[in-house]
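Enquirer: Just a sequence and a predicted model for now, questions to come.
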Amino acid sequence: MDLFDRLCGKATGPVGVAVSGGSDSLALLILAHEWAEQSGRALVAFTVDHRLRPEAADEARAVAEICAGLNVPHQTLVWRAPKGKQALARRARHAMMAEALRAEGGTHLLLGHTADDQVETFLMRARQGSTWYGLAGMQPIALSPVWPEGQGVRIARPVLKRSRADLREELERRGVDWIDDPSNRNPAYERVRVRTLLAGQDRLKTRILACQARLQDLRRLEERLIAHWMREQVSIDGEGVFQLDLSGLPEERLIRALGVMLQIVGGRETPPRKDAVEPLAMRLTSDEPFSGATLGGVMIYRNRDHVSLAPEPEVSGDAAEEKLARARFAAIRSLYGAGT
Ligand SMILES: Nc1ncnc2c1ncn2[C@@H]1O[C@H](COP(=O)(O)OP(=O)(O)OP(=O)(O)O)[C@@H](O)[C@H]1O
């Protein structure tokens, strides 16, 4: 089955394509367009102008022109927030694209991450001391990384196994020019330094990719086991409080599963830090008395065999928040259970 079909088979509405105008996302657009034509799907392309570089508006116009040539609807989304760090820009970009896609009735947004990005991510995460789970790298399908704006939106990465050089060849064959973002050469960014380090190191790249492929398999297995635990050992009572049975989980899965549940109940974008979740997990599963704790906006209690997680008062009290937590729980369980 075509990779696009596998990643977007469950999509409703038009499939979104995030196109910055760089080679990776333009090649993604072209390939997505070919797939959409063959499979009768509709696309909608988005370019975010962060107003951080004066050329960005022209670049967005260039993408709009290419989209017009392909007959793909295109929207330029302008970030009007005060100038900030790249991390803030990234969050704003994801939030704007998720909201625009939902407004169009779409559920899946395609991103142009490549195998080169995966290798760079591996080295950057290794340097930060990431676990094997993080070293597996970016997932071909994931939930939107922003919350709550990203609710109901999945991101898919159909070119994650293709190299940048290969995608550039696709564009050259079709006579499509891409934009070279100067920040991709700025050594102030760690990713740029790692990319420079990897130049010409094809054997190393191949080895890292092979290692990541195995780690991805293990990660899928791990997530399926967490989805199974979520189905069997997590319930939501009449008050909207999550009740967990943590018994029998091996240590590493216990920490990961508890972290994800804290993320869901606290309405945060990521789980709390592992060095905070780990001691909590140990206390919750020990025979010592446990008089309650708070972490990541969540109140944690233990009663007999069950652990209760409820949002802290400033997070809770709102039926809409409770509904969001339930929906996110279902979305994560379904993503992990599918093992894509
Ligand atoms: N300004 C933009 N407008 C639309 N899409 C964008 C824009 N910038 C990036 N993207 C999308 O995100 C993909 C990844 O780009 P990039 O690596 O710069 O972003 P990132 O999400 O910050 O990455 P990372 O998660 O590796 O930090 C691109 O291939 C493209 O699909």
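Expert: Structure received.
Enquirer: mind listing what the nearest residue in space to Arg256 that is not next to it in sequence touches?
Expert: Spatial nearest neighbour of Arg256, chain neighbours left out: Ile226 (6.6 Å); criterion: Cβ to Cβ, 6 or more residues apart in numbering. Any C-beta I mention is one placed from the backbone N, CA and C, and that applies to glycine too. Applying Cβ atoms under 8 Å, 6 or more residues apart in numbering, we find Ile226 in contact with 253, 256-257, 260, 336.
Enquirer: farthest pair in these?
Expert: Arg253 and Tyr336 (11.7 Å; Cβ to Cβ).
Enquirer: These two - which one has more neighbours?
Expert: Tyr336 (21 against 16; other Cβ atoms under 10 Å).
Enquirer: okay, now the one residue in the stretch 1-150 of the chain that gets nearest to the ligand: neighbour count?
Expert: Per Cβ to the nearest ligand atom, Gly112 is where the stretch 1-150 of the chain lies closest to the ligand, at 2.7 Å. By the measure other Cβ under 10 Å, the count of residues near Gly112 is 26.
Enquirer: Confirm it sits in a strand?
Expert: No - assessed with DSSP: H, G, I helix; E, B strand; the rest coil, Gly112 is coil; it does not lie in a strand.
Enquirer: That one contacts Ile30, correct?
Expert: No - counting by Cβ atoms under 8 Å, Ile30 is not a contact partner of Gly112; they are 10.7 Å apart.
Enquirer: residue contacts, the residue of the stretch 1-150 of the chain closest to the ligand?
Expert: By Cβ under 8 Å, 6+ apart, the neighbours of Gly112 are 18-20, 22, 24-28, 157, 159, 167.
Enquirer: rerun at 6 Å
Expert: Applying Cβ atoms under 6 Å, 6 or more residues apart in numbering to Gly112 gives the contacts 24-25, 28, 159.
Enquirer: which of these sit farthest apart?
Expert: Longest span within the contacts of Gly112, Cβ to Cβ: Ser25 and Val159, 8.9 Å.
Enquirer: Next, please give the residue ranges for the strands of the stretch 201-340 of the chain.
Expert: 234-236, 242-245, 293-295, 298-303, 306-311 (DSSP state E, counting those that start in this stretch).
Enquirer: Kindly reformat those as TSV containing mean neighbour count.
Expert: Output for the strands of the stretch 201-340 of the chain, formatted as TSV (neighbours: other Cβ atoms under 10 Å):
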stretch	mean neighbour count
strand 234-236	15
strand 242-245	19
strand 293-295	15
strand 298-303	18
strand 306-311	20
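Enquirer: Now render those as CSV, adding mean pLDDT and distance to Glu34.
Expert: Shown next, in CSV, are the strands of the stretch 201-340 of the chain (pLDDT from 0 to 100; distance: least, Cβ to Cβ, whole Å):
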stretch, mean pLDDT, distance to Glu34
strand 234-236, 96, 42
strand 242-245, 97, 44
strand 293-295, 97, 47
strand 298-303, 95, 46
strand 306-311, 95, 45
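Enquirer: Appreciated, that's everything.
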